[in-house]
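Student: structure for this input, please:
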Amino acid sequence: MPIRPRLRSLLTLSPESFSHMQDIGQLIEKERWGKLRRLLSASTTANVLSLFPDVEMMQSALHLLCKRNPPLDIVEKFIEVLPQCPHRIDSEGRTPLHIAVSFEASLSVIDHLISIYPDAASTKDAHGRTPLIVVCQNITVPENAIEFVQINQYFPDLIRYLINASPHTVTDEDCESITALEYAICNDAPAKAIHMLQRAHITVGRTKETEQQKGSILQIEGGHFTDLICRNEPMFVQCTSSISVSALSCSS
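Tutor: Model (predicted):
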């Protein structure tokens with residue numbers, strides 16, 4: 001079996017660079033941010049970070065970093081050294097943004113990742129999940145008052161960031177044909193988050209309906225207005241049914 005190019009590069013690392021990479025990995029794992037900041041100032045950082053995939057998952061250093069709720073300045077440094085990192089996907093099709101929202105990174109980190117690579121907000125992983133779907137799928141019921149406050153403050157803001165970055169993703173379905181709104185309802189997401197998703201879902205649905213109606217008008221040559229209504233009626237029923245089913249399927 002041929003050796004993967006990136007794995008071949010790992011095997012040819014100098015002892016100093018390999019040690020440097022191990023140090024970075026350990027500092028990320030232990031969340032030793034102060035020491036990591038000092039290590040990132042070394043001249044070999046760019047080369048080491050570029051050869052930093054998890055061999056099994058083929059994740060970049062930024063993927064690994066986003067699992068540990070990193071400080072914003074370290075995320076900025078990683079991206080400064082390797083500008084292509086936010087675009088990388090692992091073997092599961094996940095961008096660093098997918099990983100960051102999965103591990104509840106700070107809103108400042110989420111916002112920065114989106115600003116650097118907005119398309120990540122609409123990227124689907126191997127299971128058809130956008131970052132918005134990942135967030136809503138992972139919401140859990142708080143176990144105590146502290147978690148309740150944290151969840152009710154964090155998730156609505158996080159969902160708002162993702163919706164603003166890519167509004168159409170509120171109607172996207174994963175490979176199980178489930179939307180972010182459906183996951184949010186099933187997982188007892190904060191009411192504010194559910195209302196936000198519902199409003200966005202309806203708005204995007206109406207926008208799509210309007211665009212389709214305009215397309216139908218352009219295709220009609222001398223047809224009657226009643227023909228247009230009949231032609232678009234099933235589309236409208238389908239759109240409204242989708243919104244209703246979201247609530248019914250999870251409340252049953």
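
Student: where exactly do the helices run in the stretch 1-150 of the chain?
Tutor: Here the stretch 1-150 of the chain has its helices, by DSSP state H, counting those that start in this stretch, at 5-11, 15-30, 33-39, 45-50, 61-66, 72-81, 96-102, 107-116, 131-138, 145-165.

Student: of those helices, which is nearest E211?
Tutor: For E211, the closest of those is helix 145-165, at 18.7 Å, according to Cβ to Cβ. C-betas here are computed from N, CA, C, even on glycine.

Student: in this structure, which residue is closest to the centre?
Tutor: P131 (2.2 Å; Cα atoms, centre = their mean).

Student: what's the host helix or strand of E182 packed up against?
Tutor: Assigned by DSSP states H and E, E182 belongs to helix 180-186. If you count contacts as 3 or more Cβ pairs under 8 Å, 6 or more residues apart in numbering; DSSP states H and E, helix 180-186 packs onto helix 131-138, helix 191-219, helix 225-251.

Student: so for the last one, what's the average pLDDT?
Tutor: Averaged across helix 225-251, the pLDDT comes to 37.

Student: CA atoms of stretch 119-128 as PDB?
Tutor: The C-alpha coordinates for stretch 119-128 follow below in PDB (Å, rounded to 0.1, in the frame of the first residue of the first chain):
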ATOM      1  CA  ASP A 119     -18.400  28.700   3.800                       C
ATOM      2  CA  ALA A 120     -17.600  26.400   6.700                       C
ATOM      3  CA  ALA A 121     -21.000  27.300   8.100                       C
ATOM      4  CA  SER A 122     -22.800  25.600   5.200                       C
ATOM      5  CA  THR A 123     -20.300  22.700   4.800                       C
ATOM      6  CA  LYS A 124     -21.800  19.200   5.400                       C
ATOM      7  CA  ASP A 125     -19.800  16.400   7.000                       C
ATOM      8  CA  ALA A 126     -19.900  12.800   5.900                       C
ATOM      9  CA  HIS A 127     -23.300  12.400   7.700                       C
ATOM     10  CA  GLY A 128     -24.800  15.500   6.000                       C
END
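
Student: okay if I get the helices of the stretch 1-150 of the chain as TSV plus distance to L181 and mean pLDDT?
Tutor: Below are these laid out as TSV (distance: least, Cβ to Cβ, whole Å; pLDDT from 0 to 100):
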stretch	distance to L181	mean pLDDT
helix 5-11	38	41
helix 15-30	34	70
helix 33-39	36	87
helix 45-50	37	67
helix 61-66	25	92
helix 72-81	29	92
helix 96-102	16	98
helix 107-116	20	98
helix 131-138	7	98
helix 145-165	10	92
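
Student: could those be laid out in CSV, adding distance to R88?
Tutor: Listed next are those as CSV, based on distance: least, Cβ to Cβ, whole Å:
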stretch, distance to R88
helix 5-11, 11
helix 15-30, 16
helix 33-39, 20
helix 45-50, 10
helix 61-66, 7
helix 72-81, 11
helix 96-102, 7
helix 107-116, 12
helix 131-138, 15
helix 145-165, 18
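
Student: who wins for proximity to I178 among those?
Tutor: helix 131-138 (7.6 Å).

Student: so which elements touch the closest one?
Tutor: Going by 3+ Cβ pairs under 8 Å, 6+ apart, helix 131-138 lies up against helix 96-102, helix 145-165, helix 180-186.

Student: out of those helices, deepest packed?
Tutor: helix 96-102 (a mean of 27; mean count of other Cβ atoms under 10 Å).
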